[in-house]
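In: Coordinates only, no sequence provided:
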């Protein structure tokens with residue numbers, strides 16, 4: 001194709017991808033809806049683009065489907081790092097059994113929901129003494145990442161005259177195979193190596209700390225049922241073995257999550273019923289060997305990732321050497337993950353569409369880019385779309401997790417995106 005060739009030449013006319021149906025959203029009068037409200041109306045309601053819109057109905061439906069699939073006595077926690085928007089956290093706190101935080105800032109958002117502090121757990125390496133002091137005073141469960149951190153907590157607790165609840169985050173001697181991000185196995189900055197935990201438990205028994213349990217997290221974003229099944233079995237076996245060294249029986253064993261969502265063409269949706277059936281098979285031994293302990297599944301992305309979209313407005317349309325570029329007022333500074341710069345080795349497109357042209361056929365391939373001065377600022381490469389024009393609203397699906405809060409919003413000084421829960 002030469003520069004003089006019309007960009008629509010050679011493009012097969014076909015129906016635009018029905019992303020709305022695939023992701024659980026609706027379409028009304030040619031426009032995508034979130035929470036039943038057209039995106040064009042949401043843009044007026046928010047008063048700006050770009051923005052993230054989250055559908056509370058889809059979050060609730062996801063939790064309900066998990067409740068049906070998982071054993072009834074398994075507790076479900078929401079990992080706030082996936083989406084810490086206060087309104088989202090408030091909603092999730094009403095429908096899950098606990099919240100997991102990774103900073104003192106997230107802890108305050110969790111406490112503001114009014115849930116029992118003992119259902120809030122604080123994990124993450126490098127907690128500062130100030131953060132630990134806040135956590136001890138708040139009465140939440142602290143997932144300890146090292147023997148040194150345990151000693152710091154003990155000194156803080158003595159000073160405050162409190163006896164905090166603590167758990168040990170364990171770095172297992174296995175990993176979650178085929179996971180998008182491996183959090184356990186081998187040398188890791190996360191948790192205490194499993195072989196070092198018995199000695200730490202012995203020391204814990206000498207301190208004035210209330211032993212609460214274990215947090216064993218081996219990986220995330222996994223779409224392979226067999227890998228999750230293997231990791232769950234190994235995790236429960238490891239917890240049973242470590243519990244034999246504990247000063248008191250564990251009250252909680254967090255076996256992590258790792259449930260993935262489909263992002264790219266060819267991704268197969270996780271069979272959650274199969275994963276739940278495997279966990280049901282493992283639970284009789286867990287109930288017997290870990291009597292009285294709550295078994296917790298901690299999920300973030302799986303609960304909220306598919307319930308959100310990122311919306312940006314086309315501010316320019318240009319053609320360059322035979323390719324169409326739709327330039328938006330958004331970009332990687334808001335949705336780093338969709339740009340491919342949050343861990344993708346080979347960049348792939350998130351599902352995208354033109355929100356106000358959902359029922360129109362694709363007539364061209366277009367590159368969707370942002371407003372930043374870097375070639376990395378791409379939201380879609382050669383995507384089949386209806387003809388895009390200035391003023392159209394581009395929507396990026398799978399944006400409910402690791403979107404705004406995981407992106408460099410200060411880059412180049414552009415305005416921050418808005419967020420709305422519908």
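Out: Here it is on my side, so go on. Nothing here was measured: the structure is a model prediction, and the numbers come from that model.
In: okay, now the domains of this protein?
Out: Following automatic domain parsing, the chain resolves into domains at 14-54+308-421, 84-299.
In: hey, what's residue 214 bridged with?
Out: With DSSP bridges as the criterion, residue 214 is bridged to residue 168, residue 253.
In: Touching, it and residue 171? I think so.
Out: No: using Cβ atoms under 8 Å, residue 214 is not in contact with residue 171, being 11.3 Å away. For every residue, glycine as well, the C-beta is placed using N, CA and C.
In: returning to what we had before: export the domains of the chain to JSON lines and tack on mean neighbour count?
Out: Shown next, in JSON lines, are these (neighbours: other Cβ atoms under 10 Å):
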{"stretch": "domain 14-54+308-421", "mean neighbour count": "19"}
{"stretch": "domain 84-299", "mean neighbour count": "19"}
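In: nearest to residue 63, of these?
Out: With respect to residue 63, and counting by Cβ to Cβ, the nearest of those is domain 84-299 at 4.9 Å.
In: Return the distance of that closest one from the chain's centre.
Out: 15 Å (Cα atoms, centre = their mean, to the nearest Å).
In: Show me the shaky parts of the protein.
Out: 1-23, 175-190, 345 (pLDDT under 70).
In: quick one, longest strand in it?
Out: strand 308-320 (DSSP state E).
In: and it, what other elements does it pack with?
Out: If you count contacts as 3 or more Cβ pairs under 8 Å, 6 or more residues apart in numbering; DSSP states H and E, strand 308-320 packs onto helix 39-46, strand 51-54, strand 323-328, strand 393-396.
In: Identify whichever of those lies nearest to residue 364.
Out: Nearest of those (Cβ to Cβ): strand 323-328, 5.8 Å.
In: Dump the helices and strands packed on strand 308-320 to a markdown table, plus distance to residue 373.
Out: Shown next, in a markdown table, are the helices and strands packed on strand 308-320 (distance: least, Cβ to Cβ, whole Å):
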| stretch | distance to residue 373 |
| --- | --- |
| helix 39-46 | 25 |
| strand 51-54 | 23 |
| strand 323-328 | 12 |
| strand 393-396 | 20 |
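In: which one of these lies closest to residue 361?
Out: Closest to residue 361 of these, according to Cβ to Cβ: strand 323-328, at 15.7 Å.
In: Can you work out which other helices and strands pack against the closest one?
Out: In terms of contacts (3+ Cβ pairs under 8 Å, 6+ apart), strand 323-328 is packed against strand 308-320, strand 364-369, strand 378-385.
In: Which among the ones you listed is found nearest to residue 150?
Out: strand 308-320 (37.1 Å).
In: centre of the chain versus the longest strand of the chain, how much separation?
Out: 25 Å.
In: what's the angle from that strand to strand 378-385?
Out: Here the directions of strand 308-320 and strand 378-385 differ by 80 degrees (axes from the mean of the first three to the mean of the last three Cα atoms, to 10 degrees).
In: Please identify the pairing partners of strand 308-320 and their relative orientation?
Out: If you go by DSSP bridges, strand 308-320 pairs up with strand 51-54 (antiparallel), strand 323-328 (antiparallel), strand 393-396 (antiparallel).
In: Go through the ones you listed and name the closest to residue 132.
Out: Set against residue 132 and scored by Cβ to Cβ, the strands paired with strand 308-320 come closest in strand 51-54, at 31.4 Å.
In: Give me the distance from whichever helix or strand comes after the closest one to the chain's centre.
Out: On the C-terminal side of strand 51-54, the nearest following helix or strand under DSSP states H and E is helix 56-69. Relative to its parent chain, helix 56-69 has a centroid offset of 15 Å by Cα atoms, centre = their mean.
In: packing partners for the next helix or strand after helix 56-69?
Out: Downstream of helix 56-69, the first helix or strand assigned by DSSP H and E is strand 74-79. Helices and strands touching strand 74-79, by 3+ Cβ pairs under 8 Å, 6+ apart, are helix 56-69, helix 86-95, strand 98-101, strand 294-299.
In: Out of those, flag the one nearest residue 126.
Out: So among these, strand 98-101 is nearest, using Cβ to Cβ, at 14.2 Å.
In: partners of that closest one, with directions?
Out: Partner strands and pairing direction for strand 98-101 (DSSP bridges) are strand 74-79 (parallel), strand 120-122 (parallel).
In: Let's have those strands in a markdown table, adding distance to residue 208.
Out: Below are the strands paired with strand 98-101 laid out as a markdown table (distance: least, Cβ to Cβ, whole Å):
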| stretch | distance to residue 208 |
| --- | --- |
| strand 74-79 | 27 |
| strand 120-122 | 19 |
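In: among the ones you listed, which is nearest residue 284?
Out: Of those, nearest to residue 284 by Cβ to Cβ is strand 74-79, at 12.8 Å.
In: show me where this protein has helices.
Out: Ranges of helices within the chain are 19-23, 39-46, 56-69, 86-95, 104-111, 129-138, 147-160, 197-204, 225-243, 272-289, 301-304, 336-339, based on DSSP state H.
In: In a markdown table: those helices, plus distance to residue 219.
Out: Formatted as a markdown table, the helices of the chain follow (distance: least, Cβ to Cβ, whole Å):
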| stretch | distance to residue 219 |
| --- | --- |
| helix 19-23 | 24 |
| helix 39-46 | 34 |
| helix 56-69 | 19 |
| helix 86-95 | 22 |
| helix 104-111 | 21 |
| helix 129-138 | 25 |
| helix 147-160 | 22 |
| helix 197-204 | 19 |
| helix 225-243 | 7 |
| helix 272-289 | 14 |
| helix 301-304 | 12 |
| helix 336-339 | 17 |
